[in-house]
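*Asks:* Just the structure for this:
(one chain, ligands or ions: 1)
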Amino acid sequence: MLIVANWKMQKTHNESIAWCQSNKNKLIELVQETSHTIVLCPSFIDLTGVNEFFKDTAISVGAQNCAPVELGACTGNISVLSLQEIGCSYCIIGHGECRLDFTEDSDLIARKLELLLKYNIKPIICIGETENARNNGSTKEFLEKQLEPIIKVLEVSNVRMPIYIAYEPIWAIGSGKIPEFAELQNTINWINQYMQERYAQKIASEINILYGGSVTEENIKTLREIKGIKGFLLGKASLDFQILKKIVLLI
Ligand code: PGA
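*Replies:* Numbers count the residues shown, from 1 in each chain. Okay, here's the model as predicted:
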């Protein structure tokens, strides 16, 4: 299972470094004890510092976003080339907060995906419906629109690397709400089928589905029973090492 700790902008630089100082050895032991892969995704400015702690270990470091162009006039953005240079092996793109707050659309996210594939950084592509779409029964149509541009990129790429699609309903992110068991199982089945049946022959890479959105030490016992999920994206629950540990041990 892949466990992605998305720290968002919840820790300052000093707090991120202090977290690593206190928990480095415990985290390494935790990974040795389980067969899970853990990816820490701190703020951009902390990627190098966090990577220093974990560079010769089984713990990976991932970015929370990247620029849609390699280099150039792109104020405030971070190049995939820089991410690669500093040893960042994963990158989240299309997070619900970026889609909503920074109005990132699926075409922009597809351009980021192209660059991640080109520079060999494993993409964690977030998709998820709004509360409105869920309420009016159009979750699948909503997800399909987010998936289409991604699939177009994957179809023409012959890069072979694990691709992660994180299903994170927008209404579940940070809200304490998660989908009903049957609803979630249904959506995960649909995403898996959609990716495999329609596009499997054309896509060289292995596709893995993750779930994210209000995962806790309590609901993980239910969530881990969902079939077809290859890991979890944790926001709030990844900030405190003890909570993260409990969840990792339960997965
Ligand atoms: P949450 O965040 O676990 O705090 O809901 C998950 C995410 O947004 O990746």
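*Asks:* Could you pull up the residues touching the closest residue to the ligand within the stretch 1-150 of the chain?
*Replies:* The ligand sits closest to N6 of the stretch 1-150 of the chain, with a gap of 4.2 Å, by Cβ to the nearest ligand atom. Quick note: C-beta positions are derived from backbone N, CA and C, even for glycine. If a contact means Cβ atoms under 8 Å, 6 or more residues apart in numbering, then N6 has C41, Q64, I92, H95, G212, L233, L234, G235, S238 as its contacts.
*Asks:* The residue nearest to K245 when sequence neighbours are not counted: neighbour count?
*Replies:* Excluding the flanking residues, the one nearest K245 by Cβ to Cβ, 6 or more residues apart in numbering is L30, at 5.7 Å. Look at L30: counted by other Cβ atoms under 10 Å, it has 19 neighbours.
*Asks:* which element is L30 on?
*Replies:* Using DSSP states H and E, L30 maps to helix 13-33.
*Asks:* Contacts for stretch 170-181, please.
*Replies:* Here stretch 170-181 has contacts from 96-97, 99-100, 128-131, 134, 169, 184, 187, 212-215, 219, 222-223, 225-226, 235-236, using Cβ under 8 Å, 6+ apart.
*Asks:* Tell me the gap between it and the middle of its chain.
*Replies:* How far stretch 170-181 lies from its chain's middle: 16 Å, per Cα atoms, centre = their mean, to the nearest Å.
*Asks:* can I get the CA coordinates of it in CSV?
*Replies:* C-alpha atoms of stretch 170-181 as CSV (Å, rounded to 0.1, in the frame of the first residue of the first chain):
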residue,chain,number,x,y,z
ILE,A,170,-14.0,17.3,-2.7
TRP,A,171,-16.7,17.3,0.0
ALA,A,172,-14.8,14.7,2.0
ILE,A,173,-11.5,16.7,2.1
GLY,A,174,-11.0,18.1,5.6
SER,A,175,-14.7,17.8,6.4
GLY,A,176,-14.8,14.7,8.6
LYS,A,177,-17.2,13.1,6.1
ILE,A,178,-16.5,10.1,4.0
PRO,A,179,-18.6,8.3,1.4
GLU,A,180,-20.9,5.4,2.5
PHE,A,181,-19.1,2.0,2.1
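*Asks:* Could you check that stretch and say which residues are buried?
*Replies:* I170, W171, A172, I173, I178, P179 (16 or more other Cβ atoms under 10 Å).
*Asks:* Next to the ligand in this structure, residues from the protein, please.
*Replies:* Proximity of the chain to the ligand is confined to 6, 168, 173-174, 212-215, 233-237 under the rule Cβ under 6 Å from any ligand atom.
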